[in-house]
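Asks: Build me a model:
(one chain, ligands or ions: 2)
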Amino acid sequence: MSDGLPLALTLGEPAGIGPDLSLAVWLKRRTLHLPPFYIVGDLDFLAERARLLKLDVPLKRVDPNEAASVFDRALPVVSLDAPVTARPGKPDDTSAPAAIASIRRAVADVLAGDAAAVVTNPIAKNVLYRADFADPGHTEFLARLAQEATGQAAMPVMLLWAPELAVVPVTIHIPLRNVIAELTTDLIVRTGRIVAHDMERRFGVARPRLAVAGLNPHAGEDGTIGDEDRDIVAPAVRQLQADGIDARGPLPADTLFHDRARALYDVALCMYHDQALIPIKTLAFDHGVNVTLGLPFVRTSPDHGTAFGLAGTGTANPASLIAALKLAARLTESAPALVPVQ
Ligand SMILES: NC(=O)C1=CN([C@@H]2O[C@H](COP(=O)(O)OP(=O)(O)OC[C@H]3O[C@@H](n4cnc5c(N)ncnc54)[C@H](O)[C@@H]3O)[C@@H](O)[C@H]2O)C=CC1
Ligand SMILES: NCC(=O)COP(=O)(O)O
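Replies: Ligands and ions are numbered 1, 2, ... in the order given. This next block holds a predicted model:
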(Lines give C-alpha, C1' and ligand atoms only; values in the text may rest on other atoms or scores of the structure.)
(Ligands and ions follow the chains in the order given, each with its own letter.)
Protein backbone atom coordinates (compact mmCIF):
# COMPACT_ATOMS: atom_id res chain seq x y z
CA MET A 1 0.00 0.00 0.00
CA SER A 2 1.13 3.54 -0.66
CA ASP A 3 3.82 4.38 1.90
CA GLY A 4 2.40 1.94 4.47
CA LEU A 5 -0.49 4.28 5.17
CA PRO A 6 -3.63 2.87 6.77
CA LEU A 7 -7.05 2.88 5.15
CA ALA A 8 -9.66 5.22 6.64
CA LEU A 9 -12.89 3.27 7.24
CA THR A 10 -16.03 5.30 7.87
CA LEU A 11 -18.64 4.44 10.48
CA GLY A 12 -21.58 4.37 8.06
CA GLU A 13 -25.12 4.22 9.44
CA PRO A 14 -24.64 3.35 13.13
CA ALA A 15 -27.89 1.35 13.30
CA GLY A 16 -26.83 -0.78 10.34
CA ILE A 17 -24.36 -3.63 9.93
CA GLY A 18 -21.33 -1.43 9.19
CA PRO A 19 -20.10 -1.26 12.81
CA ASP A 20 -20.67 -5.02 13.28
CA LEU A 21 -18.71 -5.90 10.15
CA SER A 22 -15.88 -3.49 10.98
CA LEU A 23 -15.37 -5.16 14.35
CA ALA A 24 -15.68 -8.64 12.85
CA VAL A 25 -13.20 -8.09 10.05
CA TRP A 26 -10.58 -6.70 12.44
CA LEU A 27 -10.66 -10.08 14.19
CA LYS A 28 -9.80 -11.70 10.84
CA ARG A 29 -6.93 -9.30 10.10
CA ARG A 30 -4.17 -11.90 10.46
CA THR A 31 -5.74 -14.89 8.75
CA LEU A 32 -6.88 -12.75 5.82
CA HIS A 33 -3.76 -10.54 5.70
CA LEU A 34 -5.91 -7.44 5.79
CA PRO A 35 -4.32 -4.07 5.14
CA PRO A 36 -4.20 -1.87 8.25
CA PHE A 37 -7.22 0.36 8.71
CA TYR A 38 -8.74 2.63 11.31
CA ILE A 39 -12.38 3.41 11.82
CA VAL A 40 -13.61 6.99 12.15
CA GLY A 41 -16.35 7.10 14.78
CA ASP A 42 -17.46 7.14 18.39
CA LEU A 43 -15.26 4.77 20.43
CA ASP A 44 -17.84 4.26 23.22
CA PHE A 45 -20.49 3.36 20.68
CA LEU A 46 -18.19 0.82 19.01
CA ALA A 47 -17.25 -0.67 22.38
CA GLU A 48 -20.93 -1.09 23.20
CA ARG A 49 -21.61 -2.82 19.85
CA ALA A 50 -18.63 -5.16 20.43
CA ARG A 51 -20.08 -6.05 23.88
CA LEU A 52 -23.48 -6.73 22.36
CA LEU A 53 -21.95 -8.98 19.70
CA LYS A 54 -19.65 -10.63 22.26
CA LEU A 55 -16.65 -9.79 20.11
CA ASP A 56 -13.37 -9.42 21.94
CA VAL A 57 -12.08 -6.38 20.07
CA PRO A 58 -9.76 -4.01 21.95
CA LEU A 59 -10.29 -0.47 20.71
CA LYS A 60 -7.64 2.22 20.81
CA ARG A 61 -8.16 5.90 20.24
CA VAL A 62 -5.45 7.08 17.81
CA ASP A 63 -4.38 9.76 15.42
CA PRO A 64 -4.25 8.44 11.86
CA ASN A 65 -0.45 8.37 11.89
CA GLU A 66 -0.48 5.90 14.81
CA ALA A 67 -3.07 3.58 13.28
CA ALA A 68 -0.82 1.28 11.25
CA SER A 69 1.40 0.45 14.23
CA VAL A 70 -1.57 -0.12 16.54
CA PHE A 71 -3.58 -2.21 14.08
CA ASP A 72 -2.11 -5.59 14.93
CA ARG A 73 -3.06 -5.41 18.63
CA ALA A 74 -6.17 -3.18 18.66
CA LEU A 75 -8.73 -1.72 16.30
CA PRO A 76 -7.60 1.87 15.89
CA VAL A 77 -10.38 4.45 16.26
CA VAL A 78 -10.06 8.04 15.12
CA SER A 79 -12.65 9.42 17.45
CA LEU A 80 -15.03 12.17 16.50
CA ASP A 81 -16.86 14.61 18.68
CA ALA A 82 -20.14 13.19 17.38
CA PRO A 83 -21.65 10.77 19.90
CA VAL A 84 -23.95 8.04 18.65
CA THR A 85 -26.86 6.50 20.53
CA ALA A 86 -28.62 4.54 17.75
CA ARG A 87 -29.48 0.94 18.53
CA PRO A 88 -28.98 -1.86 15.99
CA GLY A 89 -31.78 -1.99 13.45
CA LYS A 90 -33.36 1.22 14.75
CA PRO A 91 -32.19 4.03 12.53
CA ASP A 92 -32.27 7.25 14.44
CA ASP A 93 -32.16 10.62 12.72
CA THR A 94 -29.79 11.98 15.37
CA SER A 95 -26.95 9.77 14.11
CA ALA A 96 -26.84 11.37 10.65
CA PRO A 97 -24.32 14.04 11.79
CA ALA A 98 -21.94 11.33 12.98
CA ALA A 99 -22.23 9.40 9.72
CA ILE A 100 -21.55 12.56 7.71
CA ALA A 101 -18.72 13.73 9.97
CA SER A 102 -17.05 10.34 9.61
CA ILE A 103 -17.02 10.61 5.82
CA ARG A 104 -15.72 14.17 5.99
CA ARG A 105 -12.88 13.17 8.30
CA ALA A 106 -11.86 10.15 6.23
CA VAL A 107 -11.66 12.30 3.11
CA ALA A 108 -9.73 15.01 4.93
CA ASP A 109 -7.25 12.38 6.13
CA VAL A 110 -6.66 10.93 2.68
CA LEU A 111 -6.29 14.38 1.15
CA ALA A 112 -3.84 15.33 3.91
CA GLY A 113 -1.76 12.25 3.12
CA ASP A 114 -2.56 10.56 6.46
CA ALA A 115 -4.57 7.70 4.94
CA ALA A 116 -4.08 5.70 1.76
CA ALA A 117 -7.73 5.48 0.72
CA VAL A 118 -11.28 5.86 1.95
CA VAL A 119 -13.42 2.77 2.56
CA THR A 120 -17.01 3.58 3.42
CA ASN A 121 -19.51 1.58 5.41
CA PRO A 122 -23.10 1.79 4.14
CA ILE A 123 -25.23 4.78 4.97
CA ALA A 124 -29.03 4.86 4.97
CA LYS A 125 -29.76 7.37 2.28
CA ASN A 126 -33.23 8.25 3.52
CA VAL A 127 -31.88 8.99 7.03
CA LEU A 128 -29.29 11.35 5.59
CA TYR A 129 -31.80 13.00 3.25
CA ARG A 130 -33.98 13.80 6.27
CA ALA A 131 -30.93 15.48 7.79
CA ASP A 132 -30.67 17.71 4.71
CA PHE A 133 -27.75 15.80 3.19
CA ALA A 134 -27.54 17.51 -0.18
CA ASP A 135 -26.12 14.67 -2.31
CA PRO A 136 -27.71 11.47 -3.60
CA GLY A 137 -25.04 9.30 -1.93
CA HIS A 138 -21.37 8.94 -1.05
CA THR A 139 -20.39 9.03 -4.71
CA GLU A 140 -21.43 12.63 -5.30
CA PHE A 141 -20.60 13.79 -1.74
CA LEU A 142 -17.03 12.54 -2.08
CA ALA A 143 -16.61 14.42 -5.35
CA ARG A 144 -17.94 17.58 -3.70
CA LEU A 145 -15.52 17.21 -0.79
CA ALA A 146 -12.65 16.61 -3.20
CA GLN A 147 -13.60 19.69 -5.19
CA GLU A 148 -13.91 21.85 -2.07
CA ALA A 149 -10.48 20.73 -0.90
CA THR A 150 -8.56 20.84 -4.17
CA GLY A 151 -10.46 23.48 -6.14
CA GLN A 152 -10.59 21.05 -9.05
CA ALA A 153 -13.91 19.79 -10.39
CA ALA A 154 -14.33 16.03 -10.12
CA MET A 155 -16.91 13.99 -12.02
CA PRO A 156 -17.58 10.90 -9.90
CA VAL A 157 -18.43 7.64 -11.61
CA MET A 158 -19.90 4.64 -9.77
CA LEU A 159 -18.27 1.31 -10.61
CA LEU A 160 -19.46 -1.95 -9.09
CA TRP A 161 -16.62 -4.42 -9.41
CA ALA A 162 -16.18 -8.15 -8.89
CA PRO A 163 -13.89 -10.65 -10.61
CA GLU A 164 -16.93 -11.90 -12.54
CA LEU A 165 -18.26 -8.54 -13.76
CA ALA A 166 -17.73 -4.79 -13.59
CA VAL A 167 -20.60 -2.40 -14.26
CA VAL A 168 -21.10 1.34 -14.30
CA PRO A 169 -24.51 2.98 -14.03
CA VAL A 170 -24.31 6.14 -16.15
CA THR A 171 -27.27 7.65 -14.31
CA ILE A 172 -27.31 6.72 -10.64
CA HIS A 173 -29.76 7.53 -7.88
CA ILE A 174 -32.54 9.23 -9.77
CA PRO A 175 -36.13 8.20 -10.29
CA LEU A 176 -36.54 5.92 -13.30
CA ARG A 177 -38.89 8.43 -14.93
CA ASN A 178 -36.05 11.01 -14.98
CA VAL A 179 -33.51 8.72 -16.62
CA ILE A 180 -34.38 9.62 -20.20
CA ALA A 181 -34.21 13.36 -19.55
CA GLU A 182 -30.83 13.05 -17.81
CA LEU A 183 -29.26 10.57 -20.22
CA THR A 184 -27.28 12.55 -22.76
CA THR A 185 -24.59 11.68 -25.27
CA ASP A 186 -22.24 13.99 -23.40
CA LEU A 187 -22.88 12.23 -20.07
CA ILE A 188 -22.19 8.81 -21.58
CA VAL A 189 -19.01 10.07 -23.28
CA ARG A 190 -17.66 11.74 -20.15
CA THR A 191 -18.46 8.65 -18.10
CA GLY A 192 -16.81 6.35 -20.63
CA ARG A 193 -13.65 8.45 -20.71
CA ILE A 194 -13.30 8.31 -16.92
CA VAL A 195 -13.96 4.58 -16.89
CA ALA A 196 -11.33 3.96 -19.59
CA HIS A 197 -8.82 6.21 -17.83
CA ASP A 198 -9.29 4.75 -14.34
CA MET A 199 -9.49 1.12 -15.49
CA GLU A 200 -6.11 1.60 -17.08
CA ARG A 201 -4.55 3.77 -14.40
CA ARG A 202 -6.05 2.22 -11.27
CA PHE A 203 -6.90 -1.34 -12.28
CA GLY A 204 -4.00 -1.89 -14.68
CA VAL A 205 -6.17 -2.98 -17.62
CA ALA A 206 -4.04 -2.05 -20.64
CA ARG A 207 -6.81 -1.24 -23.12
CA PRO A 208 -10.12 -1.57 -21.34
CA ARG A 209 -13.01 -2.91 -23.41
CA LEU A 210 -16.24 -1.04 -22.75
CA ALA A 211 -19.59 -2.61 -23.59
CA VAL A 212 -22.25 0.08 -23.76
CA ALA A 213 -25.75 -1.18 -23.02
CA GLY A 214 -28.78 0.10 -24.83
CA LEU A 215 -31.59 1.76 -22.94
CA ASN A 216 -34.59 0.20 -24.64
CA PRO A 217 -35.50 -3.43 -25.28
CA HIS A 218 -33.26 -4.84 -28.04
CA ALA A 219 -31.27 -1.59 -27.92
CA GLY A 220 -34.17 0.14 -29.62
CA GLU A 221 -34.44 -2.27 -32.58
CA ASP A 222 -33.22 0.32 -35.14
CA GLY A 223 -35.27 3.09 -33.58
CA THR A 224 -38.53 1.17 -33.73
CA ILE A 225 -38.66 0.57 -29.95
CA GLY A 226 -37.60 4.00 -28.72
CA ASP A 227 -35.16 6.35 -30.40
CA GLU A 228 -32.74 6.98 -27.48
CA ASP A 229 -30.36 4.20 -28.49
CA ARG A 230 -30.01 5.56 -32.01
CA ASP A 231 -29.99 9.25 -31.07
CA ILE A 232 -28.22 9.32 -27.68
CA VAL A 233 -26.27 6.11 -27.02
CA ALA A 234 -24.92 5.30 -30.51
CA PRO A 235 -23.36 8.76 -31.03
CA ALA A 236 -21.68 8.43 -27.63
CA VAL A 237 -20.15 5.10 -28.63
CA ARG A 238 -18.89 6.63 -31.87
CA GLN A 239 -17.34 9.53 -29.95
CA LEU A 240 -15.62 7.16 -27.51
CA GLN A 241 -14.27 5.16 -30.45
CA ALA A 242 -13.04 8.38 -32.06
CA ASP A 243 -11.18 9.06 -28.80
CA GLY A 244 -9.37 5.74 -29.27
CA ILE A 245 -11.38 3.93 -26.59
CA ASP A 246 -12.39 0.32 -27.24
CA ALA A 247 -16.15 0.83 -26.90
CA ARG A 248 -18.99 -1.17 -28.49
CA GLY A 249 -22.70 -0.65 -28.49
CA PRO A 250 -25.47 0.08 -27.93
CA LEU A 251 -25.82 -3.61 -27.05
CA PRO A 252 -29.11 -5.19 -25.98
CA ALA A 253 -28.92 -5.30 -22.18
CA ASP A 254 -30.79 -8.58 -21.83
CA THR A 255 -27.96 -10.55 -23.49
CA LEU A 256 -25.04 -8.61 -22.03
CA PHE A 257 -24.48 -10.49 -18.79
CA HIS A 258 -24.35 -14.21 -19.54
CA ASP A 259 -20.99 -15.98 -19.28
CA ARG A 260 -19.89 -15.79 -22.92
CA ALA A 261 -20.96 -12.17 -23.30
CA ARG A 262 -19.06 -11.13 -20.18
CA ALA A 263 -15.84 -12.59 -21.57
CA LEU A 264 -15.89 -9.95 -24.32
CA TYR A 265 -15.59 -6.80 -22.20
CA ASP A 266 -13.99 -5.40 -19.06
CA VAL A 267 -16.75 -2.99 -18.01
CA ALA A 268 -20.40 -2.68 -18.97
CA LEU A 269 -21.68 0.89 -19.12
CA CYS A 270 -25.34 0.73 -18.19
CA MET A 271 -27.88 3.45 -18.64
CA TYR A 272 -29.55 3.33 -15.23
CA HIS A 273 -28.99 2.02 -11.71
CA ASP A 274 -30.81 -1.30 -11.77
CA GLN A 275 -29.61 -2.23 -15.26
CA ALA A 276 -26.11 -2.24 -13.76
CA LEU A 277 -26.65 -3.39 -10.21
CA ILE A 278 -29.05 -6.27 -10.72
CA PRO A 279 -26.58 -8.39 -12.71
CA ILE A 280 -23.63 -7.80 -10.41
CA LYS A 281 -25.62 -8.29 -7.21
CA THR A 282 -27.04 -11.49 -8.69
CA LEU A 283 -23.62 -12.83 -9.66
CA ALA A 284 -21.46 -11.46 -6.85
CA PHE A 285 -23.51 -9.98 -4.00
CA ASP A 286 -21.28 -11.41 -1.28
CA HIS A 287 -18.02 -10.03 -2.61
CA GLY A 288 -18.90 -7.16 -4.96
CA VAL A 289 -17.23 -3.80 -4.30
CA ASN A 290 -18.45 -0.32 -5.04
CA VAL A 291 -15.60 1.91 -6.28
CA THR A 292 -15.83 5.61 -7.07
CA LEU A 293 -13.88 6.50 -10.19
CA GLY A 294 -12.99 10.05 -11.24
CA LEU A 295 -11.80 11.12 -7.78
CA PRO A 296 -8.27 12.19 -6.91
CA PHE A 297 -8.19 9.39 -4.31
CA VAL A 298 -9.33 5.78 -4.00
CA ARG A 299 -12.72 5.05 -2.44
CA THR A 300 -14.22 1.61 -2.11
CA SER A 301 -17.23 0.27 -0.24
CA PRO A 302 -19.07 -3.01 0.22
CA ASP A 303 -21.77 -3.38 -2.41
CA HIS A 304 -24.55 -3.96 0.11
CA GLY A 305 -26.52 -1.56 2.26
CA THR A 306 -27.29 -1.20 5.94
CA ALA A 307 -29.24 -4.50 6.27
CA PHE A 308 -31.04 -3.23 9.38
CA GLY A 309 -32.61 -6.63 9.99
CA LEU A 310 -29.16 -8.17 10.59
CA ALA A 311 -27.57 -5.38 12.64
CA GLY A 312 -26.59 -6.49 16.13
CA THR A 313 -27.14 -10.18 15.31
CA GLY A 314 -23.60 -11.10 14.25
CA THR A 315 -24.93 -12.92 11.18
CA ALA A 316 -24.08 -10.40 8.44
CA ASN A 317 -21.54 -11.64 5.92
CA PRO A 318 -18.31 -9.59 6.05
CA ALA A 319 -17.01 -10.77 2.64
CA SER A 320 -17.93 -7.62 0.74
CA LEU A 321 -16.26 -5.34 3.30
CA ILE A 322 -13.19 -7.59 3.22
CA ALA A 323 -13.15 -7.35 -0.58
CA ALA A 324 -13.53 -3.55 -0.33
CA LEU A 325 -10.55 -3.26 2.04
CA LYS A 326 -8.39 -5.50 -0.12
CA LEU A 327 -9.34 -3.74 -3.33
CA ALA A 328 -8.64 -0.32 -1.80
CA ALA A 329 -5.16 -1.52 -0.87
CA ARG A 330 -4.60 -2.95 -4.34
CA LEU A 331 -5.76 0.22 -6.11
CA THR A 332 -3.49 2.44 -4.05
CA GLU A 333 -0.58 0.16 -4.85
CA SER A 334 -1.07 0.42 -8.60
CA ALA A 335 -1.18 4.23 -8.67
CA PRO A 336 -0.25 7.01 -6.29
CA ALA A 337 -2.72 7.55 -3.43
CA LEU A 338 -3.66 10.85 -4.99
CA VAL A 339 -4.00 11.24 -8.76
CA PRO A 340 -4.90 14.45 -10.54
CA VAL A 341 -8.49 14.76 -11.69
CA GLN A 342 -8.68 14.63 -15.49
N1 LIG B 1 -22.92 2.22 -0.08
C2 LIG B 1 -24.02 2.53 0.59
O3 LIG B 1 -23.99 3.43 1.41
C4 LIG B 1 -25.30 1.78 0.33
C5 LIG B 1 -26.38 2.08 1.11
N6 LIG B 1 -27.56 1.43 0.91
C7 LIG B 1 -28.65 1.79 1.84
O8 LIG B 1 -28.97 0.63 2.61
C9 LIG B 1 -30.33 0.73 3.00
C10 LIG B 1 -30.99 -0.63 2.84
O11 LIG B 1 -30.99 -0.95 1.45
P12 LIG B 1 -31.48 -2.34 0.85
O13 LIG B 1 -31.94 -2.07 -0.53
O14 LIG B 1 -32.40 -3.01 1.81
O15 LIG B 1 -30.15 -3.20 0.66
P16 LIG B 1 -29.28 -4.05 1.69
O17 LIG B 1 -28.05 -4.41 0.94
O18 LIG B 1 -29.10 -3.35 2.98
O19 LIG B 1 -30.14 -5.37 1.97
C20 LIG B 1 -30.65 -6.17 0.92
C21 LIG B 1 -30.77 -7.63 1.41
O22 LIG B 1 -29.48 -8.19 1.51
C23 LIG B 1 -29.21 -8.63 2.85
N24 LIG B 1 -27.83 -8.27 3.15
C25 LIG B 1 -27.23 -7.07 2.93
N26 LIG B 1 -25.97 -7.10 3.33
C27 LIG B 1 -25.74 -8.33 3.81
C28 LIG B 1 -24.61 -8.98 4.38
N29 LIG B 1 -23.43 -8.36 4.53
N30 LIG B 1 -24.73 -10.27 4.79
C31 LIG B 1 -25.90 -10.92 4.63
N32 LIG B 1 -27.00 -10.38 4.09
C33 LIG B 1 -26.93 -9.09 3.69
C34 LIG B 1 -30.20 -7.88 3.72
O35 LIG B 1 -30.45 -8.55 4.94
C36 LIG B 1 -31.40 -7.77 2.79
O37 LIG B 1 -32.12 -8.98 2.83
C38 LIG B 1 -30.96 1.85 2.18
O39 LIG B 1 -31.19 2.94 3.02
C40 LIG B 1 -29.92 2.20 1.14
O41 LIG B 1 -29.89 3.55 0.86
C42 LIG B 1 -27.72 0.48 -0.06
C43 LIG B 1 -26.66 0.14 -0.86
C44 LIG B 1 -25.36 0.76 -0.71
N1 LIG C 1 -26.86 1.34 -4.96
C2 LIG C 1 -25.53 1.73 -4.69
C3 LIG C 1 -25.49 2.65 -3.55
O4 LIG C 1 -26.50 2.97 -2.98
C5 LIG C 1 -24.19 3.20 -3.16
O6 LIG C 1 -24.21 4.57 -3.36
P7 LIG C 1 -23.06 5.51 -2.80
O8 LIG C 1 -23.44 5.85 -1.41
O9 LIG C 1 -21.79 4.76 -2.90
O10 LIG C 1 -23.10 6.69 -3.72
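
Asks: So what touches stretch 238-247?
Replies: By C-beta atoms under 8 Å, 6 or more residues apart in numbering, the residues outside stretch 238-247 that reach it are 185, 188-189, 192-193, 196, 207-212, 237, 269. C-betas here are computed from N, CA, C, even on glycine.

Asks: and if we set it to 7 Å?
Replies: Residues outside stretch 238-247 that contact it (C-beta atoms under 7 Å, 6 or more residues apart in numbering) are 189, 192-193, 196, 207-210, 212, 237.

Asks: do stretch 259-267 as well
Replies: Counting by C-beta under 7 Å, 6+ apart, the neighbours of stretch 259-267 from elsewhere in the structure are 165-168, 195, 199, 205, 208-211, 255.

Asks: Dig out what whatever residue of the stretch 151-300 of the chain ends up closest to ligand 1 forms beta bridges with.
Replies: Of the residues in the stretch 151-300 of the chain, the one nearest ligand 1 is Asn290, at a distance of 5.6 Å by C-beta to the nearest ligand atom. Applying DSSP bridges to Asn290 yields these beta-bridge partners: Leu160, Ser301.

Asks: Report whether the expected contact of it with Ser301 is present.
Replies: Yes: look at Asn290 against Ser301 with C-beta atoms under 7 Å: they come within range, at 4.3 Å.

Asks: Looking at the two, which one has more neighbours?
Replies: Regarding Asn290 and Ser301, a neighbour count based on other C-beta atoms under 10 Å identifies Ser301 as having more, with 30 against 24.

Asks: Next, find the distance separating that one from ligand 2.
Replies: Between Ser301 and ligand 2 the distance, using C-beta to the nearest ligand atom, to the nearest Å, works out to 5 Å.

Asks: Got the confidence number for that residue?
Replies: Ser301 is assigned a predicted lDDT (pLDDT) of 98.

Asks: And for Thr31?
Replies: In this model, Thr31 is scored at 98, pLDDT.

Asks: can you count the residues close to it?
Replies: For Thr31, which is what you asked about, the neighbour count (other C-beta under 10 Å) is 7.

Asks: Can you name the residue of this protein nearest to ligand 2?
Replies: In the chain, no residue comes nearer to ligand 2 than Gly137, which is 2.6 Å away by C-beta to the nearest ligand atom.

Asks: ok, that residue - contacts?
Replies: Shown here is Gly137, whose contacts under the criterion C-beta under 7 Å, 6+ apart are 125, 173.

Asks: ok, it to Ala196 distance?
Replies: To Ala196, Gly137 is 23 Å away according to C-beta to C-beta, to the nearest Å.

Asks: And Ala166, by the same measure?
Replies: The separation that Ala166 has from Ala196, given C-beta to C-beta, amounts to 12 Å.

Asks: All the strands of the stretch 101-250 of the chain, residue numbers only.
Replies: 118-119, 157-162, 165-169, 209-213, 246-251 (DSSP state E, counting those that start in this stretch).

Asks: May I see these organised as a markdown table, with mean pLDDT, distance to Phe45 and mean neighbour count added?
Replies: Shown next, in a markdown table, are the strands of the stretch 101-250 of the chain (pLDDT from 0 to 100; distance: least, C-beta to C-beta, whole Å; neighbours: other C-beta atoms under 10 Å):
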| stretch | mean pLDDT | distance to Phe45 | mean neighbour count |
| --- | --- | --- | --- |
| strand 118-119 | 98 | 19 | 28 |
| strand 157-162 | 98 | 29 | 24 |
| strand 165-169 | 98 | 33 | 24 |
| strand 209-213 | 98 | 42 | 24 |
| strand 246-251 | 98 | 46 | 21 |
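
Asks: could those be laid out in CSV, adding distance to Pro279?
Replies: Output for these, formatted as CSV (distance: least, C-beta to C-beta, whole Å):
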stretch, distance to Pro279
strand 118-119, 24
strand 157-162, 9
strand 165-169, 6
strand 209-213, 10
strand 246-251, 13
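
Asks: where does the stretch 101-250 of the chain come near ligand 2, residue by residue?
Replies: Neighbours of ligand 2 within the stretch 101-250 of the chain, by C-beta under 6 Å from any ligand atom: 137-139.

Asks: Just those: which are in helices?
Replies: Counting by DSSP state H, these place 138-139 in helices.

Asks: Now narrow the residues of the stretch 101-250 of the chain next to ligand 2 to whatever sits close to ligand 1.
Replies: On the criterion C-beta under 6 Å from any ligand atom, His138 are the entries of these that sit beside ligand 1.

Asks: could the residues of the stretch 101-250 of the chain next to ligand 2 be laid out in TSV, adding distance to Gly16 and pLDDT?
Replies: What follows is those, written out as TSV (distance: C-beta to C-beta, whole Å; pLDDT from 0 to 100):
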residue	distance to Gly16	pLDDT
Gly137	14	96
His138	14	97
Thr139	18	98
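
Asks: Looking at the residues of the stretch 101-250 of the chain next to ligand 2, which is nearest Pro6?
Replies: His138 (19.4 Å; C-beta to C-beta).

Asks: Show me which helix or strand of this structure is least confident by mean pLDDT.
Replies: Between all helices and strands in the chain, the lowest mean by mean pLDDT, DSSP states H and E belongs to helix 125-130, at a mean of 93.
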